[in-house]
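J.: Just need the structure, nothing else, for what follows:
(chains A, B, C and D)
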2 protein chains.
Amino acid sequence: MPRVSTKNRILNCAEQLFAREGFHSTSLRILTHKAGVNLAAVNYHFGSKEALLRAVIERRLVPLNKLRHARLEEVLQAAAEKQHPPQAKDLLRAFIEPTLEFRDLSPGAEDFLTLISRSWNDPDQTVRNGFMELVLPMFKLFFASLQQALPDLPVEILRIRMQFLVGTMSIIMCRDNNFQEQPESTPPLSREQQLDQLLKFVLAGLEAPQ
Amino acid sequence: MPRVSTKNRILNCAEQLFAREGFHSTSLRILTHKAGVNLAAVNYHFGSKEALLRAVIERRLVPLNKLRHARLEEVLQAAAEKQHPPQAKDLLRAFIEPTLEFRDLSPGAEDFLTLISRSWNDPDQTVRNGFMELVLPMFKLFFASLQQALPDLPVEILRIRMQFLVGTMSIIMCRDNNFQEQPESTPPLSREQQLDQLLKFVLAGLEAPQ
DNA sequence: TCAATTTTCAAACAGACGTTTTAATTCAAT
DNA sequence: ATTGAATTAAAACGTCTGTTTGAAAATTGA
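T.: The predicted structure is shown next:
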């Protein structure tokens, strides 16, 4: 009798393999063997391989979006009480911090972040749209809030700068992206330092002149 | 008698399909059919599918790196004549502008930029390392130059900010990344405007305090 | 022109893929 | 304890994959 249900064993292994090896490069035979379940279990429990991918994404993205939403509401409410527009810095923190804190909440979350940061530019539309649906509403919320924070910035410029923000975030979210080999002389940045640098970089970029 | 050699027909189609559909999702049967050549031609001319990918990348990345190298030398030399360290802004232009101007030099170059921006975070090490070898030496050159331009910035911070720079660039380089649907009210930014915004964003981020 | 080399071609190779089927098993509720 | 549903299991399905083969065709150089 397995401690973890078949469904969750599949989800956990799929999360790891889809993130590290890629969706198309992960075969159901390898996946089910690693999970210790029968090959047919994926189609029985999820219907298809693509439906499994959707389930993997939804399992974590829905709670993550709730975290982001709560943080955003805090910032907006605090600003409303002071009768001030929200600050770009606070909005950025509300969007970015939950994402990175998420890594420590559950094992496999790191793989999950790698998966969505890779899905972002995936050539397969099915992969791309699968999680885009889930992340787009949250994105529009932050976009609208940032418009209040930066009322003098033209919308089309804010839009492309938010895309830059996503590209910058994906660097932190994706494992194995440290292309520059790390010299022993200088230790790698801690997670707090990474978060700090990420916030400083995108805030400066977002508030850049013109 | 085909106007374009078999080898180049394959390279052109591979560039487009690898970029738009992904390396693993592109089958040699579809590729060779689209190119109008025999299935066996890929293995005859290139040896294997992976060797074809390497050839696709090398064909454009080597000339592109020469462009970047020339631009970098210009900036360094101009700075040396003035007895000043080079400016971060000029270094960024030398790195970014050739990349984007490259798009207009030859058809298919746009697909190529999509391909390398997607290869950047590809789960497959073979794909990732294939072009990393070609781009890393150029990267180190710019890193060393930026150290001169920003002598007060600790190296490990400069390093992560250069990674952010790459993540930001990939947004511009990759097609179909306009996740936010474009409203008709505001037209999309022109290429010049995109380049301009990219430079402003990364320069501000690179020069951000601390 | 003819021989030698290079390139194309159709066909087949062995293996991997996602999915389906059918039977065996486990489980929950009467 | 027994029935009925839910789950697991092994095996096979048809299709697609990259690669190889050996003969035909085209091209090249003398």
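
J.: any idea which helix or strand comes after the helix or strand of chain A with the lowest mean pLDDT?
T.: Using mean pLDDT, DSSP states H and E, the weakest-scoring helix or strand in chain A turns out to be helix A:125-149, at a mean of 89. Next helix or strand after helix A:125-149 toward the C-terminus (DSSP states H and E): helix A:155-173.

J.: could you check whether that next one is close to chain B?
T.: Yes - against chain B, helix A:155-173 shows contacts by C-beta under 8 Å from any C-beta of the partner chain at A:155-157, A:159-164, A:166-171. In this view, the C-beta of every residue, glycine as well, is placed from N, C-alpha and C.

J.: what stretches of chain A score poorly on pLDDT?
T.: A:1-2, A:177-184 (pLDDT under 70).

J.: In it, which residue is most central in space?
T.: A:Leu113 (4.8 Å; C-alpha atoms, centre = their mean).

J.: quick one, what contacts it?
T.: Counting by C-beta atoms under 8 Å, 6 or more residues apart in numbering or on different chains, A:Leu113 touches A:Thr99, A:Phe102, A:Arg103, A:Met173, A:Cys174.

J.: If you rank these by neighbours, which is first?
T.: A:Met173 (25 neighbours; other C-beta atoms under 10 Å in any protein chain shown).

J.: ok, and does whichever helix in chain A runs longest reach over to DNA strand C?
T.: If you go by DSSP state H, chain A has its longest helix at helix A:49-81. Yes - using C-beta under 7 Å from any atom of the strand, helix A:49-81 comes into contact with DNA strand C via A:Lys49, A:Glu50.

J.: by contact count, what packs against that helix?
T.: In terms of contacts (3 or more C-beta pairs under 8 Å, 6 or more residues apart in numbering or on different chains; DSSP states H and E), helix A:49-81 is packed against helix A:6-21, helix A:88-105, helix A:109-119, helix A:125-149.

J.: and the residue of chain A nearest DNA strand C?
T.: A:Ser27 (2.8 Å; C-beta to the nearest atom of the strand).

J.: what about that residue, distance to DNA strand D?
T.: 12 Å (C-beta to the nearest atom of the strand, to the nearest Å).

J.: do A:Ala88 as well
T.: A:Ala88 is 46 Å from DNA strand D, by C-beta to the nearest atom of the strand.

J.: Next up, the contacts around that residue.
T.: With the criterion set at C-beta under 8 Å, 6+ apart, A:Ala88 makes contact with A:Leu146, A:Ala149, A:Leu150, A:Leu203, A:Leu206, A:Glu207.

J.: got the residues of chain A near DNA strand C?
T.: A:1, A:26-30, A:39-40, A:42-43, A:48-50.

J.: now these as TSV including secondary structure?
T.: TSV is the format used below for those (DSSP: H, G, I helix; E, B strand; the rest coil):
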residue	secondary structure
A:Met1	coil
A:Thr26	coil
A:Ser27	coil
A:Leu28	helix
A:Arg29	helix
A:Ile30	helix
A:Leu39	coil
A:Ala40	coil
A:Val42	helix
A:Asn43	helix
A:Ser48	coil
A:Lys49	helix
A:Glu50	helix
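
J.: Would you check which pair of the residues you listed lies furthest apart?
T.: Distances among the residues of chain A next to DNA strand C were taken as C-beta to C-beta; the most separated pair is A:Met1 and A:Glu50, at 30.2 Å.

J.: Which of the two has more residues huddled nearby?
T.: A:Glu50 (14 against 2).

J.: In this structure the more buried one contacts A:Gln125, no?
T.: No - with contacts counted by C-beta atoms under 8 Å, A:Glu50 stays clear of A:Gln125, the gap being 11.5 Å.

J.: Scan the contacts of A:Ala88 and report the most crowded one.
T.: That'd be A:Leu206 among the contacts of A:Ala88, by other C-beta under 10 Å, with 24 neighbours.

J.: leaving aside the residues next to it on the chain, what's closest to A:Ser106?
T.: A:Arg60 (7.9 Å; C-beta to C-beta, 6 or more residues apart in numbering or on different chains).
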